[in-house]
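[1] Next one to model:
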Amino acid sequence: MCEQLKLNSSTDFDDVDKPTSYTEKFDEYGLKIFDGGSSSILIEFCPFCGEKLPKSKRDEWFDEIEKLGIDPWKDEVPEKYQTDKWFRENASR
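    Residues are numbered from 1 along each chain as shown. Next up, the predicted model:
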């Protein structure tokens, strides 16, 4: 992984010094939209070195949550689904 991307990414959308976001549970990077919210534009390649980034796991995350019968907007989401633990465990199977 590119060191510049690591240095310029943050999970904190209020951190205006870091223009890219990283969402651990989806394993995705984005360009932050500084509008006071937590929106970003998904990026597939590193803006610093051009390296292909991991494929977002957002769709798989929602599939897993749905299989568990959880509504992520109403129900409590299990701790392992709030981090990368859920897909790392699946990758080791």
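
[2] can you pull out the strands in this protein?
    Counting by DSSP state E, the chain has strands at residues 9-10, 20-23, 28-32, 40-43.

[3] out of those strands, which comes closest to Ala91?
    strand 28-32 (15.8 Å; Cβ to Cβ). No exception for glycine: its C-beta is placed from N, CA and C like everyone else's.

[4] thinking again about what came up before, could I get the strands of the chain in CSV, plus columns for mean neighbour count and mean pLDDT?
    Converted to CSV, those look like this (neighbours: other Cβ atoms under 10 Å; pLDDT from 0 to 100):
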stretch, mean neighbour count, mean pLDDT
strand 9-10, 18, 90
strand 20-23, 20, 92
strand 28-32, 20, 94
strand 40-43, 15, 95
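
[5] mind checking which of those is nearest Leu68?
    Nearest of the strands of the chain (Cβ to Cβ): strand 20-23, 19.6 Å.

[6] hey, what's the most centrally placed residue in the chain bridged with?
    Nearest residue to the geometric centre of the chain (Cα atoms, centre = their mean): Thr23, 2.2 Å. With DSSP bridges as the criterion, Thr23 is bridged to Glu28.

[7] would you turn the strands of the chain into TSV with distance to Cys2?
    Output for the strands of the chain, formatted as TSV (distance: least, Cβ to Cβ, whole Å):
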stretch	distance to Cys2
strand 9-10	10
strand 20-23	10
strand 28-32	10
strand 40-43	12
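
[8] nearest to Tyr81, of these?
    Distance to Tyr81, taken as Cβ to Cβ, is lowest for strand 20-23 among those, at 12.5 Å.

[9] Output that closest one as CSV, nothing but the C-alphas.
    These are the backbone C-alpha positions of strand 20-23, laid out as CSV (Å, rounded to 0.1, in the frame of the first residue of the first chain):
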residue,chain,number,x,y,z
THR,A,20,-9.0,10.8,1.4
SER,A,21,-11.1,8.6,3.6
TYR,A,22,-10.8,5.0,4.6
THR,A,23,-13.8,3.0,5.7
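
[10] from here on, count from 858
    Yep, numbering from 858; the last one is strand 877-880 now.

[11] Which strands and helices lie in contact with it?
    strand 866-867, strand 885-889, strand 897-900 (3 or more Cβ pairs under 8 Å, 6 or more residues apart in numbering; DSSP states H and E).
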